[in-house]
Structure formats: structure tokens, C-alpha cells
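[1] Next comes the sequence, and after it the predicted model I'd like to discuss.
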Amino acid sequence: MRSFTHQQFTWLDYPKPEERELRVLQQKYNFHDLDIEDCLSEHERPKIEEYDNYLFLVFHIPYLAKGTDRIRKVEVNIFLGQDYIITVHSDEIPVIDELGKQVTDSQSRLDELFRQGTGFFLYELVEELFDDGFPILDRIRKKLRSLETELFDSDAEVDILREIMSLKHNIITMRSILLPQRSLIAMLEHKHSKFISEELGIYFGDVLDAIERQWSLLETAKELCEALEDTYESILRHKSNTVIVLLTIFSVTMLPLTFITNLYGMNVPLPLQEHPMSFFLLLGLMATILVGTIGYFVWKKWL
């Protein structure tokens, strides 16, 4: 647990809290049982609950899992009162860690965050959390551009396909996280109460604009990823068709030659069988058939 106090305002941060710690908070601030249960379990959708003495908010934030390129969802639960804000999350969140470091190291940053009340601090926190999505989107877009180049310069289809599918999974995951956040932030933009003043509406509107920009970038990334997948499948079909054509031509050209060799392998009298030059005559006949067949394919532009 980390605690930051400035004048009459307090910020408490609980990463990976135990139930005992949350129950102590419940007794101190008179939180509802259902809100404590939400903090102890993963909530499927973000929400806002308003009570007489506090607001309870549930946010879902996209982040890159440490050591991987997979996007994960982390839940942030926030209790907002007139003189306190409490953040509860089950995973370490770099943005919150960095914000805590800033208020610890800089008195001016502490004054800036708390001077306009807990509602303004909520805006600053939410803005930092969602602005962290832009670097993730930049990585997705760079990877898409890299794959676009690699797709036409490499024969490693399996690796490219795996990377395309991984990117597609990340895009779908991030879209599923951001979609409900749009309505939640829109509610904060128009929610005027003793905890969030009317003047803060424009600030939360700015956060909503950032989310909308991320959504627009995700739409573009989704279309590009689908286009790359379609292009990959087209290239793969073209290569498969080319192989099938070559195998078919090989089979067709070899069919009459195989027929002749099998025919003259039979133990029955056949024309030219006793001729001293029969072997060379058969070779000439087979060569003529081979050249004629290939010439016909070239004339039909199948080769």
C-alpha cells in the first residue's frame, strides 16, 4: 500500500491487496460490500456507482504483458470521495507507479495534482492511463508496416501468418477493452456531482477524444491487418496453383512416355521390336512426343 497526502487530500494506492486490507478500508470509509467484492474479483465490464459519500469506478486498461507482445487487460478500481481517492488493482501498472514516483519526488507535481480536488486528480489519473494506449498502437502500426514489407520479400509463410494472427488478436483485444470505456468516459464528461464538478466535463471530454482517436487508429489497423491476411492467402493460393500447374504438366508429359515404356515391356511381339535400332527409334519417338507436348503447352500459354 502507498499513501500520498497533500493538505486535506489523500491518495491511497493498493496494488494486489489482500481482503483484510480492503475490509479495513471498508470500515474506515463505509464502502458497500458489493464494491469490495468487485475489487476482489475480476469485473467483466467497466461501471460507475454513485453513493452519498463516494463514487466507485471500474476501468479496464490495455497494457503489454511483460516480456511478450500480447495485449492484456488490467482492471483498476477507484473509490472517489471529496477528500480522498483510492486505487485498487490486481496487477502492477507502470503508469500508476510513475505517477506515484512523481508526487513523491516533486512537491510542485503534488500541488498540481491535488490543488483542484480529487475530481481533477481522477481526470489526471484517467488521462495518464489511457494515453498509455498510444505507444501500444504505435507498436502495432510499426509491426503492420514491417509485415507488409516482409510479406512480399520472404518465403517464410508460416512465421508471417503467425505474426499476422498475433497482431489480429491484439487488435481485437484492445478494441474489446476500449469499446465500453468510451461510454464510461462519456458518462464522466456529463456527470456533475459533488465529486466531479461541471468544469471538469471538458477535461474528461479530452480523455474521450483520446480514446476516440485510439479507436480510429484501431479501425485502420484492423482493416490493414485483414488486408494483409487476404494478401497472404492470395499469395499462398497463387503459389499453390503454380505448384499444381507444374505437377499437372509433369504428369501429362510423362503419361504417354510411361505408356510407351510399359507397352514395350510386355512379353508379346510388337512393331520394331526386332529392329536393330529399335531402342533409338523409341527414344526418338518419346523425345518427339515430349517436345510436342511442351510446345503445345507453350502455345496455349500454360507455361
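    Sure, I can see it. Numbering: from 1, shown residues only.

[2] Which residue ranges of this structure form strands?
    2-6, 9-15, 47-50, 55-64, 71-80, 84-89 (DSSP state E).

[3] Highest mean neighbour count out of those strands?
    strand 84-89 (a mean of 23; mean count of other CB atoms under 10 Å). All C-beta spots, glycine's among them, are computed from the backbone N, C-alpha and C.

[4] Counting by contacts, list what that strand packs against.
    For strand 84-89, the elements it packs on are strand 9-15, helix 19-29, strand 71-80, helix 118-131, judged by 3 or more CB pairs under 8 Å, 6 or more residues apart in numbering; DSSP states H and E.

[5] how about the closest residue to Thr87 other than its chain neighbours, what does it touch?
    Residue nearest to Thr87 in three dimensions, not counting chain neighbours: Asp13, with 4.9 Å by CB to CB, 6 or more residues apart in numbering. Asp13 is in contact with Met1, Arg2, Ser3, Phe4, Ile86, Thr87, Ile96, Gly100, counting by CB atoms under 8 Å, 6 or more residues apart in numbering.

[6] redo that, cut-off 7 Å
    By CB atoms under 7 Å, 6 or more residues apart in numbering, Asp13 lies in contact with Met1, Arg2, Thr87, Ile96, Gly100.

[7] burial count for Asp153?
    Asp153 has 6 neighbouring residues, counting by other CB atoms under 10 Å.

[8] Does Leu257 touch Met286 like I think?
    Yes. Leu257 lies in contact with Met286 (CB atoms under 7 Å); the separation is 5.0 Å.

[9] tally of neighbours for Tyr54?
    Tyr54 sits with 23 neighbouring residues when counted by other CB under 10 Å.

[10] So for the residue nearest to Phe59 when sequence neighbours are not counted, what pLDDT did the model give?
    Closest residue to Phe59 apart from its sequence neighbours, by CB to CB, 6+ apart: Val76 at 4.6 Å. If you check Val76, the pLDDT there is 92.

[11] Val76 pairs with what?
    Phe59, His89 (DSSP bridges).

[12] For it, give me its contacts.
    The neighbourhood of Val76, defined by CB under 7 Å, 6+ apart, consists of Phe59, Ile61, Thr87, His89, Ile93, Leu129.

[13] All set, thanks.
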